[in-house]
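K.L.:
based on what follows, work out the 3D shape:
(chains A and B)
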2 protein chains.
Amino acid sequence: MNVVSAAPFYSSYPLMTDYLKSGLHKWAGDAYKFNKEEPYIELVTSPNNPDGFTRQDVVKGDKGILIHDLAYYWPQYTPILSPADYDVMLFTVSKSTGHAGSRIGWAVVKDREIAKKMTTFIEINTIGVSKESQIRAAKILQAVSDGCSHPNRKEAETNFFDYSYKLMAGRWKRIREAVNKTALFSLPSFPQETCSFSGRTFGQLPAFAWLKCEGEIDDCESFLRRHKVITRSGKHFGASMKYVRVSMLSRESEFKLLTERLPAIKT
Amino acid sequence: MNVVSAAPFYSSYPLMTDYLKSGLHKWAGDAYKFNKEEPYIELVTSPNNPDGFTRQDVVKGDKGILIHDLAYYWPQYTPILSPADYDVMLFTVSKSTGHAGSRIGWAVVKDREIAKKMTTFIEINTIGVSKESQIRAAKILQAVSDGCSHPNRKEAETNFFDYSYKLMAGRWKRIREAVNKTALFSLPSFPQETCSFSGRTFGQLPAFAWLKCEGEIDDCESFLRRHKVITRSGKHFGASMKYVRVSMLSRESEFKLLTERLPAIKT
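P.N.:
Coordinates of the predicted model:
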């Protein structure tokens, strides 16, 4: 079985596929280039990492199984256009509330037999998930859920997603203002869409900024490093070195420095 | 690569080997029966589950890699005859202190390259181990270690292994007394050996009692179940149905019932 993704450089996909030299499946790379008449699994990351755009499956085949990685499909990052309704959907506590260290996620799966196999995989792979992590994740998800289901709309505005949305919207406003002060950089534009969860109309507010160096700067990562800004080059994501991925989730003191340094840079 | 074990029915071994249909290795079953001229990995469980005896590798080959599973190699279960000194040794917090739910263990490995590969495997398989589990395991191991390193020998007698040894020795004394009151059952005899850790001379005190039904009773598990004692049949471990595995780690109230019910059973 071929495993492909339109985000072929999203590091964990080929690693996960290759590491045990499975006799069942192999990593087949970029979904855009896959044109074999063979069964395949396509991993769809939406919103995408690193650029934050929503994605659809891209392979033009009829022998495919789709797995949707919805790690960033939360209303602080992206307008929720409709309830997610795919065959196999992966979620994690890593990206929504930032508890990546707990190593825990969940899946929503339509086919009962596939769900059973996934459960068996987890049982055998680790004989179950850490009880400490399960207890912490259950507590976190309960707190988030309780905050959202509050019947009083006024109070509900202090729920986790509202709080996080405001934080992300504020940071994106600040980084766009910083980038607009200089001709050296640009950021992607996202379409305004209405979120069915919050009722707000906004464009994507990704966890990473996909920053482009304009003009003569060919190696954006090295250029920024010389100006004391550490980022991750586009080359690690199968893109041009004119792009870098910048974390939007750093601590406030770091993020403030970023918004001060970017507009001050001269070539 | 063939993977074998003299404990071929120890359920997690074939499961772990088979579950991903690896192209690198396959489960080849009972180590006693393995006689191919091919490379192999032998898993050596010592002390053994279910019977508690110490074990050595058994394959008569020179193309083997040995992995020693030392989950029960702790001085409350078995006399420690010498420091463990094998190529690849696996340990766990599951069996010594009973924190199986934390899903955490460690390995001591002589070859640096093998150790690196094992580290990479853990990193890719789960992108690291749950931080909550790591914190709890570190705390537990520190507490156990602190108790053992106390310079005052008198106080040191209250350390974790002394406490657990006394508990296990007390339970084994009680179950042997219970079994000696009836001709229906028997238990394995273990040689007396001197533990280099505690200085005590004793026979194995396994976490499971490997109980045999004597005489006419062919299905020991069903027989005991009729007398309100739940055990696990020897058939699950590749042994005769005249044997059952009985937990020695149940709660005190349950263990007391066990020692009362066994001698009261009549055919």
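K.L.:
would you map the strands across the stretch 51-200 of chain A?
P.N.:
With DSSP state E, counting those that start in this stretch as the criterion, the stretch 51-200 of chain A has strands at A:64-69, A:88-92, A:105-109, A:185-186, A:193-194.
K.L.:
residue A:241: how many residues sit nearby?
P.N.:
Other residues within reach of residue A:241, judged by other Cβ atoms under 10 Å in any protein chain shown, total 17. Every residue, glycine included, has its C-beta placed from N, CA and C.
K.L.:
residue A:224 is in contact with that one, correct?
P.N.:
No - counting by Cβ atoms under 8 Å, residue A:241 does not reach residue A:224; the two are 11.5 Å apart.
K.L.:
got the residues of chain A near chain B?
P.N.:
Proximity of chain A to chain B is confined to A:12, A:15-16, A:19-24, A:101-104, A:120-121, A:124-133, A:136 under the rule Cβ under 8 Å from any Cβ of the partner chain.
K.L.:
among those, which are in helices?
P.N.:
A:12, A:15-16, A:120-121, A:124-126, A:131-133, A:136 (DSSP state H).
K.L.:
show me which of these is closest to residue B:32.
P.N.:
Using Cβ to Cβ, residue A:124 comes nearest to residue B:32 of those, at 25.0 Å.
K.L.:
for that closest one, which non-adjacent residue is closest in space?
P.N.:
residue B:19 (4.5 Å; Cβ to Cβ, 6 or more residues apart in numbering or on different chains).
K.L.:
model confidence for that neighbour, exactly?
P.N.:
Note on residue B:19: pLDDT of 71.
K.L.:
all helices of the stretch 151-267 of chain A, in order?
P.N.:
Along the stretch 151-267 of chain A, counting by DSSP state H, counting those that start in this stretch, helices occupy A:153-156, A:160-180, A:220-226, A:252-264.
K.L.:
got any ranges where chain A has weak pLDDT?
P.N.:
Residues of chain A meeting the criterion pLDDT under 70: A:8-12, A:16, A:20, A:150-157.
K.L.:
domain parsing for it?
P.N.:
Chain A breaks down by automatic domain parsing into domains covering A:2-145, A:160-264.
K.L.:
quick one: contacts for residue A:218?
P.N.:
Neighbouring residues of residue A:218 by Cβ atoms under 8 Å, 6 or more residues apart in numbering or on different chains: A:241-242.
K.L.:
looking at the helices of the stretch 151-267 of chain A, which is nearest to residue A:54?
P.N.:
Among the helices of the stretch 151-267 of chain A, helix A:160-180 comes nearest to residue A:54, with 15.7 Å by Cβ to Cβ.
K.L.:
next, the buried residues of the closest one.
P.N.:
For helix A:160-180, burial by neighbour count (16 or more other Cβ atoms under 10 Å in any protein chain shown) applies to A:160-162, A:164-165, A:168, A:171-172, A:175, A:178-179.
K.L.:
ok, those vs chain B, which is closest?
P.N.:
Chain B has its nearest neighbour among these in residue A:160, at 20.3 Å by Cβ to the nearest Cβ.
K.L.:
report the contact partners of the closest residue to that closest one other than its chain neighbours.
P.N.:
Using Cβ to Cβ, 6+ apart and skipping residues adjacent in sequence, the residue nearest residue A:160 is residue A:144, 4.7 Å away. By Cβ under 8 Å, 6+ apart, residue A:144 lies in contact with A:96-97, A:159-161.
K.L.:
sorry, back to before: ok, of the residues of chain A next to chain B, which come out buried?
P.N.:
A:16, A:20, A:22, A:101-104, A:124, A:126, A:129-133, A:136.
K.L.:
picking that back up, okay if I get the buried residues of helix A:160-180 as CSV plus distance to residue B:191?
P.N.:
Converted to CSV, the buried residues of helix A:160-180 look like this (distance: Cβ to Cβ, whole Å):
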residue, distance to residue B:191
A:160, 61
A:161, 65
A:162, 69
A:164, 64
A:165, 69
A:168, 67
A:171, 69
A:172, 72
A:175, 72
A:178, 76
A:179, 76
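K.L.:
from those, which single one is nearest residue B:213?
P.N.:
For those, the nearest to residue B:213 is residue A:160 (58.7 Å; Cβ to Cβ).
K.L.:
so what's the closest one up against?
P.N.:
Residues near residue A:160 by Cβ under 8 Å, 6+ apart: A:97, A:143-144, A:147-148.
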